[in-house]
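1. Predicted model and sequence below, questions to follow.
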Amino acid sequence: MESRKGNSTRVGRIGKSAELPPDYTNLVKDIFSTNFGDGLKAYRKHAPSCRFAVTGAIYANEIILAISLVQDGALAATTVMSSVDFDPKASAPTAQDLLEASVDAIGTIYEDLLNPAKPDRLEQLASESLSAFEEIPFEWTRIELDRYKIFVKVDKSNPELEKLADEWLEKHDPQEDHIQQQNEKDTAALFVTGEKAKKAAAGKADLEEDESEADDGIDDDADEDDDNGARGNSTVGKVGRSKLPH
């Protein structure tokens, strides 16, 4: 998984990182599997065991997210990566704010790659090369989404294999394994999952209801326009925001 800022995915080399919690990556994987269900079904005619795999890391200055189409037994994968600047000391935007925008950005790429109405492109996607897709970004390319500057790129790397290699190296260096465990613990603290997520969501719903009652005098149509403008029109984003933990 490539870093736009030169951070190393190996703990303790250039910059310390922590992987995104499994609860979070599994949730993103489920969202993509649902939203692109038709595309996956059509794509499986060429890659029967294809599935989404989600990996990511948080650094002191960057958050990386990679969502891959992997095929069992294949070394190569189709991976869409995002990178966004991150300041852990800032109160906003939070890591989850930036990850939600990253999910949306990657979703816009897959909307084109996994279009069931374009079977020829799905066949090309299953090949070893992506050269037929001239319009997709093969180098880090900046896009603006939800007021955030997200960088995206596409390649044939397989983050799952890279992760296995890193895990093998960590097992042979106890010190790095200890550091990685601490980093993962610190990263998990940035996310609210499980029962805490349910309580937080309930509290947020109550707060939003109170605010709604207090704002009865405000023009509802204007509010709706502002909200749509801020969030964008990404289908993945709309579903992602309703399911990603807050």
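-> Received, thanks.
2. now residue 160: how far from residue 136?
-> Counting by C-beta to C-beta, to the nearest Å, the separation of residue 160 from residue 136 is 21 Å. For the C-beta atoms, the positions are set from N, CA and C on the backbone; glycine is no exception.
3. ok, these two, which is more surrounded?
-> Using other C-beta atoms under 10 Å as the criterion, residue 160 and residue 136 rank with residue 136 on top: 17 against 14.
4. now for whatever helix or strand residue 67 lives in, which elements pack on it?
-> Element membership for residue 67, per DSSP states H and E: strand 62-71. Applying 3 or more C-beta pairs under 8 Å, 6 or more residues apart in numbering; DSSP states H and E, one finds that strand 62-71 contacts helix 22-35, strand 50-58, strand 78-85, helix 95-113, helix 159-171.
5. now with 10 Å?
-> helix 22-35, helix 37-43, strand 50-58, strand 78-85, helix 95-113, strand 148-155, helix 159-171 (3 or more C-beta pairs under 10 Å, 6 or more residues apart in numbering; DSSP states H and E).
6. Same list, these, but as CSV with distance to residue 120 and mean pLDDT please.
-> Formatted as CSV, the helices and strands packed on strand 62-71 follow (distance: least, C-beta to C-beta, whole Å; pLDDT from 0 to 100):
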stretch, distance to residue 120, mean pLDDT
helix 22-35, 22, 96
helix 37-43, 11, 95
strand 50-58, 17, 94
strand 78-85, 16, 96
helix 95-113, 12, 95
strand 148-155, 18, 95
helix 159-171, 27, 72
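7. rewinding a little: now do the strand holding residue 67, average pLDDT.
-> Averaged across strand 62-71, the pLDDT comes to 94.
8. Using the three-state scheme, assign residue 157.
-> Secondary structure, DSSP: H, G, I helix; E, B strand; the rest coil: residue 157 is coil.
9. ok, the nearest residue to it once chain neighbours are set aside - how many residues close by?
-> Setting aside the residues directly before and after it, residue 157 is nearest to residue 79 in space (C-beta to C-beta, 6 or more residues apart in numbering), at 5.0 Å. Using other C-beta under 10 Å, residue 79 is surrounded by 24 other residues.
10. From residue 28, how far off is residue 142?
-> For residue 142 relative to residue 28 (C-beta to C-beta), the value is 22 Å.
11. between the two, which one's more packed in?
-> Counted by other C-beta under 10 Å, residue 142 and residue 28 do not tie: residue 28 has more neighbours, with 26 against 11.
12. In this structure the more buried one contacts residue 20, no?
-> Yes: judged on C-beta atoms under 10 Å, residue 28 makes contact with residue 20 at a distance of 8.5 Å.
13. Now list whatever residues contact both of those two.
-> Common neighbours of residue 28 and residue 20, counting by C-beta atoms under 10 Å, 6 or more residues apart in numbering, are 54-56, 65, 99.
14. Tell me, how many residues neighbour residue 41?
-> Residues near residue 41, counting by other C-beta under 10 Å: 11.
15. what's the closest non-adjacent residue to it?
-> residue 116 (7.3 Å).
16. so the one you found makes contact with residue 39?
-> Yes: shown here, residue 116 and residue 39 form a contact pair, counting by C-beta under 10 Å, at 5.1 Å.
17. Common neighbours of those two, please.
-> residue 122.
18. which one of those two has more residues nearby?
-> Comparing residue 116 with residue 39 by other C-beta under 10 Å, the one with more neighbours is residue 39, at 21 against 15.
19. Leaving out chain neighbours, which residue sits closest to the more buried one?
-> In space, residue 39 comes closest to residue 114 once its chain neighbours are excluded; the distance is 3.0 Å by C-beta to C-beta, 6+ apart.
20. Sweet, I'm off.
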